[in-house]
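Participant: coords please:
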Amino acid sequence: MRRRQVNLSTREARSKLPAQPKPHWREITRGKHIGFYKGTRTTRWYLREFIEGRYVERTIGKPDDAEPANGRDVLSWEQVQRVVLGTNVDALPTVRSGYTVQDAIEDYFADRASRTKSEYSLNTDRAKMDKTVVPKFGNRQVQHLHIDELQAWLNGLVDDAIAKAKTKDKTQRAEKQRAAQATAHRTWNIFRAVLNYAKRTKRLQADAWQHVRSFRNFDAPRTRFLSVDESRRLLNACAPDFRLIAKGALVTGMRYGELCALKVADVTNGGVIVQASGAKNSRSRLVPLTDEGTEFFAQVCAGKLGDEHVFTQKNGAAWTHQLQKRRMNEACEAGKITPPATFHDLRRSYGSQLINSGMSLHMISRLLGHQSIEMTKRVYALLEEKTLRDALQKHAPKLGDGAGSNVAPISAARAKRPRRAHA
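Facilitator: Prediction:
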C-alpha cells in the first residue's frame, strides 16, 4: 500500500502540520524526497537522496513561511523542487563562511533523526538546544565562536541555576550546585556534538570548543537512602493520592516516569511489566512483586479498566514532574525527613534495602533495569562494602584468644609501671 503523500505545496498546508523532531517527507522522484522540518521555533527544507546504497540528508534552505523567497537561502515550494530536481546533493550551494550555529543544529538533528530509535531523547536534546544555545549563539557563525564566550556561557548555566536556589542550607546548596553542573555538562555534551558534526561535515577549521573546560566531581551519584523507618514516616506524611505512587516506587524501585505511564493491564499476579518508552528504559522488563507488593497493586487497580493509568491524582489527572517535586518537599517537611529526599531517592532506597538484605548486585541491576551492572556498582558501592564487612563478621572463623599474649600497647605498659618515689 502506497503511503499517503504529505502536502507541502502551500504555506497554509505546512502550517497545519504538527511540530516533530523529524521532517515531514514528500517523494518528488524515485530516490529523492523533499523534507519540511517544523520545530517549536524554526522551519527548514531538507533533501533526502539515495546515493551509493544509502540515504543522505541535508538542509537546503528555509521555507518562505515567515519571509519572502529570495531563491538563495529562502525558497518557495516551486524553487525547492527545482533545486532538488536539477542539482546533485554534493553540488548544493553552501556558504561555509556563513554557516551558523542554528544551521549546525538543524543538520546535526536531521542526521541523528535518521539513525536514532529514541524520539524521546531526540526531542529532549533538541529542546535543550532551543532553550539554552539558540538564543545565545543561533545567529553566530560556527567558525567565529571563541573559547572565552563558550566558557562564560557554560559557567553561566550553573550560576543561573544556583541563583534560583531558595535554600540557605550549605548541604542543600552544595547539592544544588552539583546537580546544576551535571545538567550544564549534559547540555554542553550535546552542543559540542553539534559543533563537531559541523566541523566534520563542513570541513571547518574552527575548534575553539575543544578547549572549553567542564566541571569536576559533579557526577558522583547521590547516596541518599531512606531507612525503613524514614520510608514509613514519609508515606504517612504524603497526601493520599501521592502516597500511592510513592509507595509504588518503594515496593518496585521503578522510576517516576515509569510509574506515571504504568497501565492496569501491565500489572500481573507476579509482577509489573515496565514497557519500553525510548527513555532510560529502552527495553521492556518484568519487575517481580513481593506478597506485600502484589496486595498493594491489587488494591490500587481494583475497579479500573486495563487501559487506565494505575496512579493518578485525586482529580483523575496524570502526574507531572513539577507536581511530584512539590509533593515530595511537602511530605519531607511534614515527616521531618532530613535531609529532604527526592522521588528518585525512593528508587535508590529500594535498591539499598535489597543490598542490605544480602541480595547480589547482579540481581539488583536486573530489578532496577540498569543497562549495565557498572551503573549499579557506581550507586551502591559503599553499601556493598558495608554488607561485605557484615558478612565477614558473621561468617569468618573465630580463632579464639589462644594462649593469650604478653604484648601490650606502649601507653598501657607505661600506665602499669609503678612510679618512682621522689626523695
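
Participant: pLDDT below threshold where in the stretch 151-300 of the chain?
Facilitator: For the stretch 151-300 of the chain, the stretches flagged by pLDDT under 70 are 167, 220-222, 276-282.

Participant: where do the strands sit along it?
Facilitator: Assigned by DSSP state E, counting those that start in this stretch, the strands in the stretch 151-300 of the chain fall at 271-274, 285-288.

Participant: Let's see the first one as PDB, backbone CA atoms only.
Facilitator: Translated: strand 271-274. Only the C-alpha atoms of strand 271-274 are listed here, as PDB (Å, rounded to 0.1, in the frame of the first residue of the first chain):
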ATOM      1  CA  GLY A 271       4.900  -8.600  38.900                       C
ATOM      2  CA  VAL A 272       4.700  -5.400  36.900                       C
ATOM      3  CA  ILE A 273       5.600  -5.100  33.200                       C
ATOM      4  CA  VAL A 274       7.600  -1.900  32.600                       C
END
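
Participant: Show me which positions of it end up buried.
Facilitator: By neighbour count on 16 or more other Cβ atoms under 10 Å, the buried set for strand 271-274 is Gly271, Val272, Val274. For glycine as for every other residue, the C-beta is placed from the backbone atoms N, C-alpha and C.

Participant: still on that earlier bit, select, out of the strands of the stretch 151-300 of the chain, the one closest to Asn356.
Facilitator: For the strands of the stretch 151-300 of the chain, proximity to Asn356 was assessed by Cβ to Cβ; strand 285-288 is nearest, at 18.4 Å.

Participant: and that closest one, which strands flank it?
Facilitator: As defined by DSSP bridges, the strand partners of strand 285-288 come to strand 271-274 (antiparallel).

Participant: hmm, back to that, would CSV of the strands of the stretch 151-300 of the chain with distance to Thr43 be doable?
Facilitator: Formatted as CSV, the strands of the stretch 151-300 of the chain follow (distance: least, Cβ to Cβ, whole Å):
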stretch, distance to Thr43
strand 271-274, 37
strand 285-288, 39
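
Participant: out of the ones you listed, which comes closest to Leu8?
Facilitator: Nearest to Leu8, of all these, is strand 271-274, at 38.7 Å by Cβ to Cβ.

Participant: Pairing partners for Arg44 in the sheet, please.
Facilitator: Assigned bridge partners for Arg44, using DSSP bridges, are Tyr37.

Participant: which residues touch it?
Facilitator: When contacts are counted by Cβ atoms under 8 Å, 6 or more residues apart in numbering, Arg44 touches Pro23, Phe36, Tyr37, Thr59, Gly61, Lys62, Pro63, Glu106, Ala110.

Participant: who wins for neighbours among those?
Facilitator: When neighbours are taken as other Cβ atoms under 10 Å, the top entry among the contacts of Arg44 is Pro23 (29 neighbours).

Participant: Now do the same contact list for the residue lying closest to that residue once chain neighbours are set aside.
Facilitator: Leaving out its chain neighbours, the residue that sits closest to Pro23 by Cβ to Cβ, 6 or more residues apart in numbering is Gly35, at 3.2 Å. Applying Cβ under 8 Å, 6+ apart to Gly35 gives the contacts Pro23, His24, Trp25, Arg26, Trp45, Tyr46, Leu47, Arg48, Glu57, Ala110.

Participant: Show me those that map onto strands.
Facilitator: Members of the contacts of Gly35 lying in strands (criterion: DSSP state E): His24, Trp25, Arg26, Trp45, Tyr46, Leu47, Arg48, Glu57.
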